[in-house]
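**Q** Sequence and predicted structure are below.
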Amino acid sequence: MVTKVHMEALSPTMEEGQLVQWLKSEGDEISSGDILAEIETDKATMELVARGDGMLRKIFLDAGGVSVVGAVIAVIAAADEDISDIEGSSDGNGTQPALPEESSAGTEPVAPEEPGAATTPEIAADTQGAGRVKASPLARRLATEMGVDLLTIKGSGPGGRVVKRDLEGAKTAVSNAAATTTWTSGENEYEDLPTSQMRKSIAKRLVTSIGPVPTFYLTVEVDMNRVIRARESMNNMLEEDGYRISVNDIVLKAVAAALRQHPNCNAQWHDSFVRRFNAVHLGVAVAIDEGLITPVIRNAHAKGIMQIAAEVRELAGRARTKKLMPDEYTGSTFSVSNLGMFGIQEFTAIINPPEAGILAVGGIEETPVVVNGEVKVCPRMRITMSCDHRVIDGAQGARFLATLKSMLEEPTAILL
Amino acid sequence: MSDKKSERFDLIVVGSGPGGYVAAIRAAQLGLTAACIEKDELGGVCLNIGCIPTKALLSSALLVSEMAGAHEHGIIAKDVSFDLGPAQARSRQVAAQMAKGIAHLFKKNKVTHLRGVGRLKGRGKIELETKDGSKTIYEAKNIILATGSRPRDLPVLKIDEDRIWSSTGALMQEKAPESLFIVGAGAIGMEFADVYNAYGSKVTVVEALERILPLEDAEVSKFMERLYKKRGMKIHTGAQFKQAKTSKDGVSVTFEDRKGNEQTLDVDYVLSAVGRVPNSEDLGLDSVDAKVDERGFVLVDRHLSTNVPGLYAIGDVAGHQLLAHKASHEGVTCVEHITGHSHGMVDYDNVPNCTYCHPEVASVGLTELQAKEMGYDIEVGKFPWAAIGRAVASGHSDGFIKVIRDKQFSEILGAHIVGPHATELIGEFVIGRHLESTVEELEKAMHPHPTLSEGVAESALASLGRPIHI
């Protein structure tokens, strides 16, 4: 039996994947379940498993190549089976918005005919006389409004029909192309870097966040004197075992404990209902070379600081080498992002939907404050919470922050 | 039939409902040796105790309610009486006939029907337990789980199919009781409300959410609630069901109404229609470490593949909308993916919803509220059936068609129909959305006169602010 090897959807949001490397070569004997290749998805590097037995007869997609989910990238068959009629995807498939090619730099986008007119003008195909373009009415409409030439778009619908999703990708390619025409000097004024799978995924997530999520921000300054002291004494106790606890680990524990007291901040908006979580699964933003990822500390409310510290370190380490499994970076109920180590005093973080809140943690700074009428220098830290107003109201967010502040200013309260 | 080859198949499907039998037939069409395991009758819930027999009863109910206006057509029937018994018998006959049809299709396509309960026994292995208790292991390169779902049992309302029915019990009655209490105002609850109301039962419906048919557009729910109340049904929305006490000759039910007042009613029977749960417990999922979500639905990716190579799940047991047509679509999509024939994905945003009460309710896409919440700039067109000649001529002109259009690109974001043959007409919008038609194409395509389909064109025009007939 001939088994086509497809680019599989290895993460829930994956639309295309990059082939990192083949672990089998043409001619190798394959049994179902063998690991064929490593694929970089939008989130992590995953293994592609064989779904059939036979010989790896043909590889279509070379290492480094990108292919959409579902494309045939190799064939497994018996040594003597005829596979000549199987077409594979060698790279790119054209469905991803490729970088503007040199040749297309000079072409002008087709001007929309009477934008906003009620009728749908036949664009591209007829104006350029290059035959009929298969495109859905909605795609034609989008192309007109965006000023995109449908002939330049490769359709992903049946028989190459251009559909809405093809135009969504084309938007960025077009604006790049338009920008190219405005620069005339011989030197490269800028460099186009291909977007990684992760970058695309981040962009998509951020747009879905800043658009439909009505967000407001609450900031509070916290006296970190006692956290610093508590951390010192904990680290002294743990010195022999070789463990280290960071201020952030204590912040995470305090956030989890405070969320238990304010479950309305540990919630998600679903159109017809608000899902309020009892368990606290904390997403911890980790910066990695190509972007960021938020591994999840599950049931953080039930874990001790030492365990949280160990898990954060372990997950962050594997995040940097892109070895996280999907269930290790999904399912968080609230997130924490800390940029203190970069010298950031205060910032706002973007909510990771469907969560309703994220806490942005700044660095600890020696700050003069008035205590009982005297100016004193204290280590202060600013935390800012972004709240999805559909779930959390101002006063609720403020109460949560007040609890969190009191826990950090008196860490024994975390134990209560 | 005891050919040794039959011990190993390219594909074994567990369950022969609208997901399973369709998957098995499609697999056979594509050249796979396919078997389908079924413990009961072929056709699953849909054919035997679901979609099909309820539609038979609803057809009877429509006739019954039409008798009230029969004199307008010159039908003078004196001493008319209505008896649920023959209608129920007819609905069983319809179900049996359709189930036989599946057996015929299996034969025609050379799908092997394995009778018994199927359980996974490790990767690529299924144990079949037949009625007499004997067990056989079958091997398959691919296995599709299509075991469906069953009515949810509330702890405070244990279904016994005697006094407290699920939809199954409600289908088996030969007499309409004096009073029926229905918990849950989704499609199933409202369809049975319709049937029993027509045959003379005093029907009371309690729904926890704020409106009946809560998945539909709010305007649709409001319209249907008013209509049902006019027919004499009691409807309590935003109400909490508390308890049921069963006695020899009835059930005493208690619920808390919207205002928080406790009410107790003595009724003959209770129908529990509070949703469905997946049949995933007794499947041997542990033997392969297949993952399920917290509600028991088998987790699958966009190609219906579970986390175990060669194991797939479709239909109700795999979650999403628990609808027969969604299951069938998944069956075909899954098999075509397995064979490499194509790698389409099911478009879960374009699944039509249908309730076959009278008038019928059907919808596809976003409700008005959802579209607004997603940030679309929308224009809503609403067109009443009272302005469509064919509807008035047939005597069924209650209701409307509502179209929600994206202002900028004219995308058909959603369509909602209440009225005659709504469940047939919704197909126009499904195709329109599938082909990415804009509202303008719907309106420009010529609709025959006089037909109900003119309402589709008019509603499209209404969403553009220029209907002709209102």
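**A** Nice, thanks for sending it over. Just so you know, these numbers come straight off a predicted model, no measurement behind them.

**Q** Give me the distance between residue B:319 and residue B:59.
**A** Taking C-beta to C-beta, to the nearest Å as the criterion, residue B:319 is separated from residue B:59 by 31 Å. Heads up, the C-betas are built off the backbone N, CA and C, glycines and all.

**Q** Of the two, which one has the most company?
**A** Taking neighbours as other C-beta atoms under 10 Å in any protein chain shown, residue B:319 and residue B:59 compare with residue B:319 leading, 19 against 16.

**Q** Now the more buried one. Nearest residue, chain neighbours left out?
**A** When the adjacent residues along the chain are set aside, residue B:319 lies closest to residue B:297, with 3.6 Å between them (C-beta to C-beta, 6 or more residues apart in numbering or on different chains).

**Q** Residue B:225: what secondary structure?
**A** At residue B:225, secondary structure determined by DSSP: H, G, I helix; E, B strand; the rest coil is helix.

**Q** mind listing what it touches?
**A** With contact set as C-beta atoms under 8 Å, 6 or more residues apart in numbering or on different chains, residue B:225 has these partners: B:211, B:212, B:235, B:237.

**Q** For the second one, which three-state class applies?
**A** Put plainly, it is residue B:212. coil.

**Q** show me the contacts for it.
**A** For residue B:212, the contacting residues are B:185, B:190, B:205, B:221, B:224, B:225, B:228, B:235, B:237, taking C-beta under 8 Å, 6+ apart as the criterion.

**Q** Correct me if wrong, but residue B:180 is in a strand.
**A** Yes. Using three-state DSSP, the assignment for residue B:180 is a strand.

**Q** from what I can see it touches residue B:271, true?
**A** Yes. Look at residue B:180 against residue B:271 with C-beta atoms under 8 Å: they come within range, at 6.3 Å.

**Q** So if we follow the domain assignment, how does the chain break up?
**A** This is for chain A. Here the domain parsing of chain A from automatic domain parsing is A:3-77, A:102-193, A:200-415.

**Q** ah, I was thinking of chain B
**A** Split into domains by automatic domain parsing, chain B comes to B:4-151+B:277-348, B:164-274, B:359-463.

**Q** Can I get those in a markdown table including distance to residue A:220 and mean pLDDT?
**A** What follows is the domains of chain B, written out as a markdown table (distance: least, C-beta to C-beta, whole Å; pLDDT from 0 to 100):
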| stretch | distance to residue A:220 | mean pLDDT |
| --- | --- | --- |
| domain B:4-151+B:277-348 | 34 | 94 |
| domain B:164-274 | 37 | 97 |
| domain B:359-463 | 30 | 96 |
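
**Q** returning to what we had before: tell me who's in contact with the residue nearest to residue B:319.
**A** Counting by C-beta under 8 Å, 6+ apart, residue B:297 makes contact with B:278, B:280, B:317, B:318, B:319.

**Q** now it: how far from chain A?
**A** Distance of residue B:297 to chain A, computed by C-beta to the nearest C-beta, to the nearest Å: 14 Å.

**Q** longest strand of chain B?
**A** Longest strand in chain B by number of residues (criterion: DSSP state E): strand B:135-145.

**Q** Would you indicate which residues of that strand are buried?
**A** B:138, B:140, B:141, B:142, B:143, B:144, B:145 (16 or more other C-beta atoms under 10 Å in any protein chain shown).

**Q** now stretch A:388-406
**A** Along stretch A:388-406, these residues count as buried under the neighbour rule (16+ other C-beta under 10 Å): A:388, A:390, A:391, A:392, A:396, A:397, A:399, A:400, A:401, A:403, A:404, A:405.

**Q** likewise stretch A:255-268?
**A** Of the residues in stretch A:255-268, A:255, A:256, A:257, A:258, A:259, A:260, A:262, A:264, A:265, A:266, A:267, A:268 count as buried by neighbour count, 16+ other C-beta under 10 Å.

**Q** Give me the packing partners of the helix or strand where the fourth one lies, helices and strands only.
**A** The secondary structure element spanning residue A:258 is helix A:247-261 (assigned by DSSP states H and E). Here helix A:247-261 is seen to pack against helix A:225-238, strand A:282-284, helix A:305-320, strand A:334-338, strand A:357-371, helix A:394-409 when contacts are counted using 3 or more C-beta pairs under 8 Å, 6 or more residues apart in numbering or on different chains; DSSP states H and E.

**Q** now the ones you listed as JSON lines including mean pLDDT and distance to chain B?
**A** Listed next are the helices and strands packed on helix A:247-261 as JSON lines, based on pLDDT from 0 to 100; distance: least, C-beta to the nearest C-beta, whole Å:
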{"stretch": "helix A:225-238", "mean pLDDT": "89", "distance to chain B": "35"}
{"stretch": "strand A:282-284", "mean pLDDT": "95", "distance to chain B": "19"}
{"stretch": "helix A:305-320", "mean pLDDT": "89", "distance to chain B": "19"}
{"stretch": "strand A:334-338", "mean pLDDT": "95", "distance to chain B": "18"}
{"stretch": "strand A:357-371", "mean pLDDT": "92", "distance to chain B": "19"}
{"stretch": "helix A:394-409", "mean pLDDT": "93", "distance to chain B": "20"}
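
**Q** Residue B:83: which of those is closest?
**A** Taking C-beta to C-beta as the measure, the helices and strands packed on helix A:247-261 were each checked against residue B:83, and helix A:394-409 came out nearest at 58.4 Å.

**Q** need the contact list for the residue nearest to residue A:361 when sequence neighbours are not counted.
**A** For residue A:361, the nearest residue in space outside its immediate sequence neighbours is residue A:338; the separation is 4.1 Å by C-beta to C-beta, 6+ apart. With C-beta under 8 Å, 6+ apart as the criterion, the residues that contact residue A:338 are A:248, A:251, A:285, A:360, A:361.

**Q** And for residue B:250?
**A** Counting by C-beta under 8 Å, 6+ apart, the residues that residue B:250 touches are B:163, B:266, B:267, B:268, B:269.

**Q** How about the backbone phi and psi for it?
**A** With angles defined as degrees, to the nearest 10, residue B:250 shows backbone torsions of phi 160, psi -170.

**Q** residues from the stretch 51-200 of chain A in reach of chain B?
**A** Residues of the stretch 51-200 of chain A found near chain B, taking C-beta under 8 Å from any C-beta of the partner chain as the criterion, are A:51-52, A:69-72, A:118-120, A:136-139, A:141-142, A:145, A:163-164.

**Q** Now a PyMOL select for only the buried ones of those residues.
**A** Here the buried members of those are turned into a PyMOL selection, burial being counted by 16+ other C-beta under 10 Å:
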select buried, chain A and resi 51+52+69+70+71+72+120+136+137+138+139+141+142+163+164
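
**Q** Please narrow the residues of the stretch 51-200 of chain A next to chain B to those residing in strands.
**A** Per DSSP E, these map to strands at residue A:72.

**Q** Now, the residues of the stretch 51-200 of chain A next to chain B that are in helices?
**A** Secondary structure assignment (DSSP state H) places A:137, A:138, A:139, A:141, A:142, A:145, A:164 from these within helices.

**Q** and the least confident of those residues?
**A** When those are compared on pLDDT, residue A:145 comes out lowest, with 80.

**Q** Distance-wise, check that one relative to residue B:81.
**A** Counting by C-beta to C-beta, the gap from residue A:145 to residue B:81 is 63 Å.

**Q** now residue B:90, nearest residue through space, not along the chain?
**A** Distances taken as C-beta to C-beta, 6+ apart put residue B:56 closest to residue B:90, at 6.0 Å, once the chain neighbours are dropped.

**Q** Would you agree the one you found falls within a helix?
**A** Yes. Using three-state DSSP, the secondary structure at residue B:56 is a helix.

**Q** Run a quick neighbour tally on it.
**A** By the other C-beta under 10 Å criterion, the neighbourhood of residue B:56 contains 21 residues.

**Q** Same question for residue B:37.
**A** Using other C-beta under 10 Å, residue B:37 has 26 neighbouring residues.

**Q** what residues are up against residue 255?
**A** I'll assume chain A. Counting by C-beta under 8 Å, 6+ apart, residue A:255 touches A:280, A:282, A:300, A:334, A:336, A:359, A:404.

**Q** um, chain B though
**A** Applying C-beta under 8 Å, 6+ apart, one finds that residue B:255 lies in contact with B:206, B:236, B:239, B:240, B:241, B:242, B:262, B:263.
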